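Participant: Show me how the following folds:
(2 chains)
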Protein chains: 2
Amino acid sequence: MSDPVAIGIDIGGTKLVAATVAADGRVLDRQRRETPAHDSALLLDTLRTSIRQLSGDRTDLPVGIGIAGLVSPDGVIRYGPNIGVRDVAIAEELGEVTSGPVAVVNDASAATLGEQRAGAARGHRDVVMFTLGTGVGGGVVVDGKLLLGAHGFATEIGHVIVEEGGRRCPCGNRGCIEAYASGSSIGRIAAERLVASDGDSPLRVIEAPTGRDVSQAALGGDALAVQVLVEAGTWLGVAAASLVNLLDPEVVLLGGGAALATSRWIVPAASEALEARMIGREWRTPPPIELAALGDDAGMVGAAQLAADRAGEVTGPSSLA
Amino acid sequence: MSDPVAIGIDIGGTKLVAATVAADGRVLDRQRRETPAHDSALLLDTLRTSIRQLSGDRTDLPVGIGIAGLVSPDGVIRYGPNIGVRDVAIAEELGEVTSGPVAVVNDASAATLGEQRAGAARGHRDVVMFTLGTGVGGGVVVDGKLLLGAHGFATEIGHVIVEEGGRRCPCGNRGCIEAYASGSSIGRIAAERLVASDGDSPLRVIEAPTGRDVSQAALGGDALAVQVLVEAGTWLGVAAASLVNLLDPEVVLLGGGAALATSRWIVPAASEALEARMIGREWRTPPPIELAALGDDAGMVGAAQLAADRAGEVTGPSSLA
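Facilitator: Sure thing, here's the model as predicted:
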């Protein structure tokens, strides 16, 4: 059995997963708990307990944490609405349970790094990932390193604008890709189409359909649901074109449960839209749009890799780089 | 007088400027020639002559070249339509006139690095720059390094999409920011507005107004011209919002002659549009939108810095980093 090089923790809105992770990204020991929401003291206690249990004799393991929210570079979660926390200095607070570095990062960024080191983008140094769920998140790896931005707020990919003045986004702006391709948006768009048409659809009996309902209906052959998913894929391809024109990645990944469930409609539509819009499309091929491979483990694995990288920056090159 | 650390060359569509550059980015000896267009052998001869003249006794100076076009990471200009060259291995061809590294990069990227090291973005590690001219170009510095992408084709900022299905762009796609904010687009939009209105405007006597004509008219107080420039600024702010949401820079620069001539209308409109669209706008301030400072020297200075960086990666830390 491999030695752990770091502990990775992924704090989602409902569940908290933690594990020791090997140099090659393999998950060793693993734990799963409910996320204590709206209680930062309890959240910190839970994290300390989890780290102590996973560490065993090793009190120097680097700890990486991915969390749904905006995280500043010094490891403070500035704003995590799904978890109900604000301005919690996680890295500092966890200093007492490990002498190793504590790296804290947005969960979608952590997942992107996980996929780049040990998942669907392994072997690539430049990667863009969209994570499709209730909202649209994502991450970017540039030349093997996570793009974090000057204040840690980079890769708010869901808020790349695809249509100025377009659909209203939960962020209050209009035309963000999240307003076209998130699970909630897909449900809302399907509901609008039902009102505007009088065709048969299993979605008619559902009062406020979700993205999951639309996927289910599409799997059952519902034409309206399929159309809504194809259009969401096309919009994703528009956003991908902007990102490819800007970042020139080797691969574009789609992650999150919604991507897996709907990939047969979303991936071809997104690929076609990207190919039609990428600069230089006459003489070069666009990067492939592929599904993420690590599922719910991606964030945990990527957070652990980031922490191991930070340890390596202090003590020498990391075996993971 | 400072010692030169590198030679920087900027190859534009009409002129070729070259200089020795000091560690702090100051331009020492400088030369200016016409660009030999549509003749790659003559272009290479001109570059060799220029480098020999500027080098003097130093046959080991790093050479940096910024060129209008798509450049692959190994220093091959793949596609330079303004200069009329294709697939020219510049870095390799110049190996005979210097034993130092030869770095070749897109001119707008070179200008961005110049501004970050020695111009308006000095002291910042994360920078986005738009260059406004006939088209819209730009560059991105992430954590002190130029963003180049997997194949050297990153930061085609002019082709970030702001309105899917919108105005036709010279690239063949629709809705790219270049179709709203380049000099040519501004001229074309003004012409459309003249047809659609019957108000007085000095632009009426011009058959196909350019961006420069629109700037001139705005400077003379023409309301239609001012309106067109304010709208271009707003669109730039929309593109800037996508870039800020994605990259989290400390500053957004506007460079190029068109930006300078029109800044009094473009900068406030772009700033307002960015502020209204940036994620987290309720609790953080957007990065300032500022004018570039180095003018026509920016590309030459940045190319020299990049070459000096490359030399430093071989021999140790660069004094410029």
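Participant: Quickly find the element holding the most centrally placed residue in chain A.
Facilitator: In chain A, the centroid-proximal residue (C-alpha atoms, centre = their mean) is A:Ala108; its distance is 2.7 Å. Element membership of A:Ala108 [criterion: DSSP states H and E] is helix A:107-118.
Participant: For the nearest residue to A:Val140 once chain neighbours are set aside, grab the count of nearby residues.
Facilitator: Take A:Val140 and drop its neighbours on the chain: the residue closest to it by C-beta to C-beta, 6 or more residues apart in numbering or on different chains is A:Leu147, 4.1 Å away. To be clear about C-beta, it is placed using only N, CA and C from the backbone, and glycine gets the same treatment. A:Leu147 has 23 neighbours, counted by other C-beta atoms under 10 Å in any protein chain shown.
Participant: Is the helix holding A:Ala108 in proximity to chain B?
Facilitator: No - using C-beta under 8 Å from any C-beta of the partner chain, we find that helix A:107-118 stays clear of chain B, coming within 11.5 Å at best.
Participant: and that helix, what other elements does it pack with?
Facilitator: For helix A:107-118, the elements it packs on are strand A:4-11, strand A:63-67, strand A:127-132, strand A:136-142, strand A:145-146, strand A:251-255, helix A:298-315, judged by 3 or more C-beta pairs under 8 Å, 6 or more residues apart in numbering or on different chains; DSSP states H and E.
Participant: Kindly export the second one (C-alpha atoms) in CSV.
Facilitator: Meaning strand A:63-67. Only the C-alpha atoms of strand A:63-67 are listed here, as CSV (Å, rounded to 0.1, in the frame of the first residue of the first chain):
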residue,chain,number,x,y,z
VAL,A,63,-3.9,19.3,4.3
GLY,A,64,-5.8,20.5,1.3
ILE,A,65,-9.4,21.7,1.5
GLY,A,66,-11.8,22.4,-1.3
ILE,A,67,-14.9,24.4,-0.3
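Participant: Name every strand pairing with it and say which way it goes.
Facilitator: strand A:4-11 (parallel), strand A:102-106 (parallel) (DSSP bridges).
Participant: I'd like these laid out as CSV, including mean pLDDT and mean neighbour count.
Facilitator: As requested, those are exported to CSV (pLDDT from 0 to 100; neighbours: other C-beta atoms under 10 Å in any protein chain shown):
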stretch, mean pLDDT, mean neighbour count
strand A:4-11, 97, 30
strand A:102-106, 96, 27
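Participant: can I get those in a markdown table with distance to B:Ser185?
Facilitator: A markdown table is the format used below for those (distance: least, C-beta to C-beta, whole Å):
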| stretch | distance to B:Ser185 |
| --- | --- |
| strand A:4-11 | 45 |
| strand A:102-106 | 36 |
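Participant: What is the neighbour count of the residue of the stretch 151-300 of chain A at minimum distance from chain B?
Facilitator: Per C-beta to the nearest C-beta, the residue of the stretch 151-300 of chain A with the smallest distance to chain B is A:Asp248, at 2.4 Å. Neighbour count for A:Asp248, taken as other C-beta under 10 Å: 26.
Participant: Contact partners for it?
Facilitator: A:126, B:148-154 (C-beta atoms under 8 Å, 6 or more residues apart in numbering or on different chains).
Participant: tell me the secondary structure for A:Asp74?
Facilitator: For A:Asp74, the assignment made with DSSP: H, G, I helix; E, B strand; the rest coil gives coil.
Participant: can you count the residues close to it?
Facilitator: Neighbour count of A:Asp74, defined by other C-beta under 10 Å: 11.
Participant: cool, the one 10 residues further on as well?
Facilitator: A:Gly84 has 15 neighbours, counted by other C-beta under 10 Å.
Participant: repeat for the one 4 residues further on
Facilitator: Around A:Val88 there are 22 other residues, counting by other C-beta under 10 Å.
Participant: got a list of what it touches?
Facilitator: Going by C-beta under 8 Å, 6+ apart, A:Val88 touches A:40, A:43-44, A:76-77, A:80.
Participant: let's go with 7 Å and repeat that
Facilitator: A:40, A:76-77 (C-beta atoms under 7 Å, 6 or more residues apart in numbering or on different chains).
Participant: How about A:Asn106?
Facilitator: Applying C-beta under 7 Å, 6+ apart to A:Asn106 gives the contacts A:66-67, A:69-71.
Participant: beta partners for it?
Facilitator: With DSSP bridges as the rule, A:Asn106 is bridged to A:Ile67.
Participant: how close does it sit to A:Val17?
Facilitator: 16 Å (C-beta to C-beta, to the nearest Å).
Participant: any idea which of the contacts of A:Val88 has the most stuff around it?
Facilitator: Most surrounded of these: other C-beta under 10 Å gives A:Ile77, at 26 neighbours.
Participant: Dig out what that residue forms beta bridges with.
Facilitator: Assigned bridge partners for A:Ile77, using DSSP bridges, are A:Val71, A:Val88.
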